[in-house]
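# after the sequence you'll find the predicted model.
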Amino acid sequence: MVIDTLKRLTSGPKPVVLLFVLLFTALYLMGAATQNSELFGRLYSLLLGVNILALLLLLTLIGRNLITLIGQYRENAAGSRLTARMVVVFVILAVTPISVLYYFSLQFIHRGIDSWFDLRAEQALEDALELGRSALDSRLRELLRDSREVGRELAGKPDSTLVLSLNTIRETMDATEMTLLTVNGRVLSSSSLDPATVLPTLPSLAILQQMRHGLEYAALEPLHDRGLHYRIVLSIANPDPLGEPRLLHAIYPIPERIDTLAASVQSAFTKYRELSFLRQPLKYSFTLTLSLVLLLSLLTAVWAAFFSARRLVAPIRDLAEGTRAVAEGDYDMRLPLPGKDELGFLVRSFNDMTRKLSRARDSAQKSQAQAEEQRAYLEAVLACLSSGVFTLNQHGELRTANSAAAAILGIELSEISGLTLEEAALKYPQIEPLLETIASHLGPEHGSWQAEVTLFGEGGRRVLISRGSPLQRGGELAEEHVIVFDDVTALIQAQRDAAWGEVARRLAHEIKNPLTPIQLSAERLRHKYLKQMSGEDAELLDRSTHTIVQQVESMQEMVKAFSDYARPPKLQLIPVSLGRLVQEVMDLYQGDPRLHLSLESRGEMPTIEADVGRIRQLLHNLVKNAIEARTDGNPISLRLLVHCAEKGSCRFVELRFEDSGPGFDEEMLDQLFEPYVTSKPRGTGLGLAVVKKIVEEHGGMIMAENHPEGGAVITVRLPVSVTQRRDIGGEGPLTLTVLNSEK
Amino acid sequence: MASTTPVLKSLGHNMLRPLGWLGLVMLWLAPGVQASDFFITGLHTEVKEGVYLLDADIDYRFTDDALQALSNGVPLTVQVNIEIERVRNWWFDAHVATLEQRYSLQYHALSHQYLLRNLNSSAFYSFPNYRAAVQAMGRLREFPLVDAQLIVPDESYRLLMKAELDIEALPSPLRPVAYITPAWRLKSDWYSWSLTH
């Protein structure tokens, strides 16, 4: 948190601008300090240190910017190259004039400083000092001579009068202070112009040391707060030869005017000498200050270059990123407005563009969704159609086909999509007649057409009614076609069945009526004339009437069978457990020598709604059909498989009869379930027709085929009742019962 | 009174002045190891009238650069630092007193005199030659240190003394040069003196 606050405070232009202002202030103060200003002079080193530290800080700031830029440049970040180029240009633009300015400023400063010092001025100052010194020295010599006189005068005076004498002499000599002391510094007597002076001014230890060697001291000395004075120290004779050697210490003033002038000369000379001595350091100092100013300006310029380049490039970088985002499909990107300049206009235009693109995309998506919805709807409609539908594009390639088409033709939709009719015919030879018919009607001269096509495939012979017409788009005929076809095999079969039913009904009706009178008449003939006849006549009559009666009975059975076929009793549908029913019927054939029967069941066995009697008849007929297929009197094997079969959304119970007989005649497979179609020597030709009728009455279907390994296979599918379909529980799996095991 | 072993005290001892940091940086930048130019000798303390008094002599050996500056009218300021600490065995020493004496030495061209000022007491002396002036500047006699009552018996005390040229008192153009030139960084080692009751 502290680091965040610190970052917030130190980021952005404000702290840097503040730093610059402080730096400039510090530099200004340092400049002032260089000129020996009293106030800033004391702060000079501090200012220097602050400036160096600040410059280091600035350098760090720029270094950080530089590292960031190099990193972005290497990563090829948007805008980094432009930023780098602008920074380089800005820096070159800033450095060149600053460097030139620096060079010439340095030259001017050095020359300026040198020009302060003039040999003649220096000589004049030295001369002035020497002049003053000479003037003062001549006065000093006079004073020394006078002081010696005073010393001699005082030497002869007794100690008791010394104080008075000293006072008088001092006044006479115009001395500021006059003291009589021993060579060890003990004051004997003192007189001062200033009555407030309690302690006399004493010579320093060095002077006393000098006096011990019997020397004199006379010098011009600046006294504290009192300006220049003459100090003279002399040895004087002690009246007591055994006493300590004595000294006269006298301080004489300098006339005020001369003192002022001398102070002025001294001050000017000292200042000049000091400046002269400091010439080189001063140059260094100015150079340092100027260099700091240069560095500050340079670094400021470099930082400003970074800052302004970033500021200038920021909207361009945003635009680059925005463009990239748009290229990647993100139209929701909005860029921040940089200002009201041309870049701002550009960014605003970009935002407008993305907004419009976004709207256009939404609209396109909406349209696409609608189109998808319509397409899905159309596909759903097509899928629900029982008719097969093909569409062909202008190149004659199959473009659309519905699932009914695939079901009718027994093909995979995905495999023919995009193929031409010829290619599809090569892939699926069994539908070639249909494709040829379509191809023959594709010309623009044909318009709408209709044709009946017969196909021969795995499912047997199939009759299709196909209709086609060119597609109309915008009121004009396009080169695309739509073909609709229906499998009418079942319809034709139904019509044929109906016709056969009618034939059977009429036949039964027409034949049955005369049969009873024929039989009754034959029996009456026999009854009346057999007793009256004898011999061969009686035998002939007996045989003839017997034949008539027998044939009539046979015909009656046949008529009954026809009648059963034509006029089935009304169905009594009740929920039936098919498994149990199958088991019951099959139990009846247990022990039948003609048959080896095996019953097999798989999975759960739901109940069906069925007429029990009719289903029994169906089962009997199919078993009989197998028995009748025997060719050599040997028992036939029949395998009955009962299981639940899922087909689409419907559920069926499937009964599969597989026998070991010779199988069906391939040529008869198509008409197998029609009346009077049989290959068996003893068949009536109605058994399978009745079976088919029962299956259709129950809404099921029947199929016949030959097993690849030999034998006939008849498959019956009966629909499961709706309630049962919801509840799959139903009856559990049938237990496998093996009847008439071959053993 | 006690042993007189000169020791180099931690440089951080007198770092209260902010410019010391800059000086430290400059010192670090300077080539070579700085040898001392000022020497403290004859240090002696005694108690008189309830006050600890110090006698010491400081031998100021100014370099030619400094002497040249002096003869050209540049005043040289010398600073004498005295610190008294109570010695603690297991912790930092306790600070008892700090004293600072500053002297300014200047050449007066007209009179050929060397002027010595005690900047603390404003005492003013003039000397006819450099030697006398420097001797006088280095001669500390009966300098009052600390009230004897502040020095607790049975405790161990240490007196530390150092003299150095005050670069900050030099004219500003000279200071940067002075900071980075060994000839201008004149000072003594810290002189340690055991102060006993």
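Received, thanks. The structure presented is a predicted model; accordingly, all values stated were derived computationally and were not measured. Residues are numbered from 1 along each chain as shown, chains lettered A, B, ... in the order given.
# quick one: low-confidence residue ranges for chain B.
Scanning chain B for pLDDT under 70 picks out B:1-36, B:197.
# repeat that with 80
Applying pLDDT under 80 to chain B flags the ranges B:1-36, B:196-197.
# how about the residues of it near chain A?
Residues of chain B lying close to chain A by CB under 8 Å from any CB of the partner chain are B:18-19, B:21-22, B:25, B:68-69, B:72-74, B:108-113, B:115, B:122-129, B:132, B:135-136, B:167-168, B:171-177, B:179. Where you see a C-beta, it was placed from the backbone N, CA and C, and this is true even at glycine.
# show me what contacts the most centrally placed residue in chain B?
The centre of chain B sits closest to residue B:163, judged by CA atoms, centre = their mean, with a distance of 1.9 Å. By CB atoms under 8 Å, 6 or more residues apart in numbering or on different chains, residue B:163 lies in contact with B:38, B:40, B:58, B:60, B:78-81, B:187-188.
# drop anything exposed from these.
Taking 16 or more other CB atoms under 10 Å in any protein chain shown as the criterion, what is buried in the contacts of residue B:163 is B:38, B:40, B:58, B:60, B:78-81, B:187-188.
# for chain B, longest strand please?
strand B:94-108 (DSSP state E).
# export it as CSV, just CAs?
Coordinates of each C-alpha in strand B:94-108 appear next as CSV, following Å, rounded to 0.1, in the frame of the first residue of the first chain:
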residue,chain,number,x,y,z
ALA,B,94,26.5,7.4,26.9
HIS,B,95,27.0,10.9,25.8
VAL,B,96,27.8,13.4,28.5
ALA,B,97,29.0,16.6,26.9
THR,B,98,30.2,18.0,23.6
LEU,B,99,32.4,21.1,23.3
GLU,B,100,33.4,22.9,20.2
GLN,B,101,36.1,25.5,19.8
ARG,B,102,36.7,27.4,16.5
TYR,B,103,39.7,29.5,15.7
SER,B,104,40.2,31.6,12.7
LEU,B,105,43.7,32.4,11.4
GLN,B,106,44.2,35.3,8.9
TYR,B,107,47.2,37.1,7.4
HIS,B,108,47.1,40.9,7.6
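# can you list the residues that contact it?
So strand B:94-108 is contacted by A:222, A:266, B:70-71, B:73, B:75-86, B:88, B:113-120, B:126, B:133-134, B:137, B:140, B:143, B:145-146, B:150-151, B:157, B:166, B:169 (CB under 8 Å, 6+ apart).
# write the ChimeraX selection for whichever of those are buried.
The buried residues among the contacts of strand B:94-108 can be selected in ChimeraX (16+ other CB under 10 Å) with this line:
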select /A:222,266 /B:70,73,75,76,77,78,79,80,81,82,83,84,85,86,113,114,115,116,117,119,126,133,134,137,140,145,146,151,157,166,169
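# just how off-centre is the one helix or strand residue A:58 maps to within its chain?
Assigned by DSSP states H and E, residue A:58 belongs to helix A:38-74. Its chain's C-alpha centre and that of helix A:38-74 lie 42 Å apart, by CA atoms, centre = their mean, to the nearest Å.
# ok, stretch A:610-623 next?
A distance of 68 Å separates the centroid of the chain from that of stretch A:610-623, by CA atoms, centre = their mean.
# for the stretch 501-650 of chain A, give me the ranges with low pLDDT.
Ranges of the stretch 501-650 of chain A meeting pLDDT under 80: A:501-513, A:558-571, A:602-607, A:630-633, A:644-650.
# now the helices for it?
For the stretch 501-650 of chain A, the helices defined by DSSP state H, counting those that start in this stretch occupy A:535-566, A:578-588, A:612-628.
# can you redo those as TSV with distance to residue A:642 and mean neighbour count?
Shown next, in TSV, are the helices of the stretch 501-650 of chain A (distance: least, CB to CB, whole Å; neighbours: other CB atoms under 10 Å in any protein chain shown):
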stretch	distance to residue A:642	mean neighbour count
helix A:535-566	26	15
helix A:578-588	6	17
helix A:612-628	11	19
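# buried residues of stretch B:52-70, list them for me.
Neighbour-count burial for stretch B:52-70 [16+ other CB under 10 Å]: B:52-54, B:56, B:58, B:60, B:62-63, B:65-66, B:69-70.
# before we move on, back to that, residue A:102: which of the contacts of residue B:163 is nearest?
The shortest gap between residue A:102 and any of the contacts of residue B:163 belongs to residue B:187, at 36.5 Å (CB to CB).
# count the residues that sit near residue 183.
I'll assume chain A. 16 (other CB atoms under 10 Å in any protein chain shown).
# right idea, wrong chain: chain B
For residue B:183, using other CB under 10 Å, the count is 14.
# next, count neighbours for the nearest residue to residue A:205 once chain neighbours are set aside.
Residue nearest to residue A:205 in three dimensions, not counting chain neighbours: residue B:136, with 7.4 Å by CB to CB, 6 or more residues apart in numbering or on different chains. The number of residues packed near residue B:136 is 17, by other CB under 10 Å.
# can you check the one 3 residues further on too?
The burial metric for residue B:139, expressed as a neighbour count using other CB under 10 Å, is 13.
# what's the answer for residue A:81, then?
14.
# in this structure it contacts residue A:75, no?
No: in this structure residue A:81 lies outside contact range of residue A:75 using CB atoms under 8 Å: 11.3 Å.
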